[in-house]
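Student: quick one: sequence plus predicted model below, questions after.
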There are 2 protein chains.
Amino acid sequence: MSKPSQQRPNTDQNGVSVIQTQAHSSGLQQVPQLVPISPSGGGKATPPSKMKKTSTEKDSDEYRQRRERNNLAVKKSRMRSKQKAQDTQQRVNELKEENERLEAKIKLLSKELSVLKDLFLEHAHNLADNVQPQVTEASNNNNNNNNNSKHP
Amino acid sequence: MSKPSQQRPNTDQNGVSVIQTQAHSSGLQQVPQLVPISPSGGGKATPPSKMKKTSTEKDSDEYRQRRERNNLAVKKSRMRSKQKAQDTQQRVNELKEENERLEAKIKLLSKELSVLKDLFLEHAHNLADNVQPQVTEASNNNNNNNNNSKHP
DNA sequence: CAGCATTGCGCAATCT
DNA sequence: GAGATTGCGCAATGCT
C-alpha cells in the first residue's frame, strides 16, 4: 500500500504562522511566539470571514495553554502506543516459547504412547502364542501408527 | 537492530524560528518563510553566526524539494511501522490459537496414555494372578506421570 | 461547551 | 549524499 501520488491534503489551515522559538538545553521552558502572519506580499490583512482560529486573543492566552496541554497529551499517547507495541512484541516471544514447550511435551507424550502400545502388542503376541494360535487377527487389527519395526 | 540505547542529546534548540505559513484554505500556499525571530522579549537578538539553515536561498529551491522528499519518506516509514505493529498483533493471535490447539492435543494424548496404562495394568494383574509374575519390569518402566490410583 | 486522547502531517536532527 | 527513523509540535477529530 503506497500512495505514490500524494496530493495536497485537503482542508486545513488557516493563515496562521507559528514561530517556534525553542529554548536552549537548559530546562527552560519554551516561549514560542505566535506571529499573526504579516500581510506581506499581498496577503489579506483582515481575515475575510472564515477562520477557525479567528485569530483573536486566542493567539496568546488560553491558546498557548491549550497547546501545551495537547502537547503533553500527545506525548503521553505516543509513549503509551510505543509501550503497547513493545508489550505486544514481547507477548509474541512468550507465546513462541510456550509453543515450543508444548510441542516438546507433545513429542514426549507421543513417544510414551508409542512405547506403551508396542508393549501392549508384545503382550498380545505372547498371549496369542501361548494359548491361541490365531495371531493373525491381532496383527492386522486396527491401529497401527506405531512405526516401530522391532519385530522379535 | 532497534536499540533503545540512543542517546538523546536531541538538542534541537537552536535559535531558529520556522514560520510555517500554510494557508491552504484557498488552495494556495505561501512559501514558508523563515523569520529571524525578532528580539522580542529579551531573546538573543541576532547572533548571526550559527544557523543551520543559514536561511540562504535554501529557503526556496532545493530546500523545498528536500522537504517534500523527506515528507514522503516519513509517510512511508510510518506506514510501515504501523503495518508492522499490526502484523505483530496478528502474530499474537495466531500463536494464541496454535497454543490452544497444542494444549488440546496434549490433553488428548494424556487421556490416551492414561487409558492405555490402565489397560496395561489390568492385564498385568491378570497375568500375575494367573501365571507369571514377570510383569514387574514393565510396570516400573521409567515415566511416572500416570497418577491414576484406580486399582481394581 | 470542555478536555483529554488519537491521528495525520510537516519539520528537523540523526542514523544508515 | 539520499532515504529511513525518530522526537516534536500543530491541528483536526474522536471520545467522554
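Tutor: Received, thanks. Numbering: from 1, shown residues only, chains lettered A, B, ... in the order given.

Student: any weak-confidence spans in chain A?
Tutor: Segments of chain A classed as low confidence (criterion: pLDDT under 70) are A:1-58, A:131-152.

Student: near DNA strand C, which residues of it?
Tutor: In this structure, chain A approaches DNA strand C at residues A:9, A:69-70, A:72-74, A:76-78, A:80-81, judged by C-beta under 7 Å from any atom of the strand. Heads up, the C-betas are built off the backbone N, CA and C, glycines and all.

Student: so which of those residues sit within helices?
Tutor: Residues of the residues of chain A next to DNA strand C located in helices (DSSP state H): A:69-70, A:72-74, A:76-78, A:80-81.

Student: just the buried ones from the residues you listed?
Tutor: With neighbours counted by 16 or more other C-beta atoms under 10 Å in any protein chain shown, these contain no buried members.

Student: of those residues, which fall within the contact range of DNA strand D?
Tutor: Of the residues in these, proximity to DNA strand D by C-beta under 7 Å from any atom of the strand holds for A:70, A:74.

Student: could you dump the ones in helices among the residues of chain A next to DNA strand C to CSV with distance to residue A:97?
Tutor: Shown next, in CSV, are those (distance: C-beta to C-beta, whole Å):
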residue, distance to residue A:97
A:69, 42
A:70, 41
A:72, 38
A:73, 36
A:74, 35
A:76, 32
A:77, 31
A:78, 29
A:80, 26
A:81, 25
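
Student: mind checking how far residue A:68 is from chain B?
Tutor: For residue A:68, the distance to chain B under the criterion C-beta to the nearest C-beta, to the nearest Å works out to 17 Å.

Student: kindly provide the distance from residue A:66 to residue A:79.
Tutor: The gap separating residue A:66 from residue A:79 is 20 Å, by C-beta to C-beta, to the nearest Å.

Student: again, but for residue A:60
Tutor: 29 Å.

Student: repeat for residue A:62
Tutor: 26 Å.

Student: likewise residue A:96?
Tutor: Distance from residue A:96 to residue A:79, counting by C-beta to C-beta: 26 Å.

Student: ok, these two, which is more surrounded?
Tutor: Higher neighbour count among residue A:96 and residue A:79: residue A:96, with 14 against 10, using other C-beta atoms under 10 Å in any protein chain shown.

Student: and the closest residue in space to that one that isn't next to it in sequence, which of the three is it?
Tutor: If the residues on either side of it in the chain are set aside, residue A:96 comes closest to residue B:95, at 6.5 Å by C-beta to C-beta, 6 or more residues apart in numbering or on different chains. Following DSSP: H, G, I helix; E, B strand; the rest coil, the label given to residue B:95 is helix.

Student: contact partners for residue B:95?
Tutor: For residue B:95, the contact set (C-beta atoms under 8 Å, 6 or more residues apart in numbering or on different chains) comprises A:92, A:95-96, A:99.

Student: out of the residues you listed, which comes closest to chain B?
Tutor: Nearest to chain B, judged by C-beta to the nearest C-beta, of the contacts of residue B:95 is residue A:95 at 3.8 Å.

Student: what about residue A:88, helix or strand, and which?
Tutor: When elements are defined using DSSP states H and E, residue A:88 is found to belong to helix A:62-130.

Student: now that helix against helix B:62-130, angle please.
Tutor: Between the axis of helix A:62-130 and that of helix B:62-130 there is an angle of 30 degrees, by axes from the mean of the first three to the mean of the last three C-alpha atoms, to 10 degrees.

Student: and residue A:61, how far is that from residue B:75?
Tutor: As for residue A:61, its distance to residue B:75 is 35 Å (criterion: C-beta to C-beta).

Student: so those two - more neighbours on which side?
Tutor: For residue A:61 and residue B:75, the more surrounded residue by other C-beta under 10 Å is residue B:75, and the numbers stand at 13 against 10.
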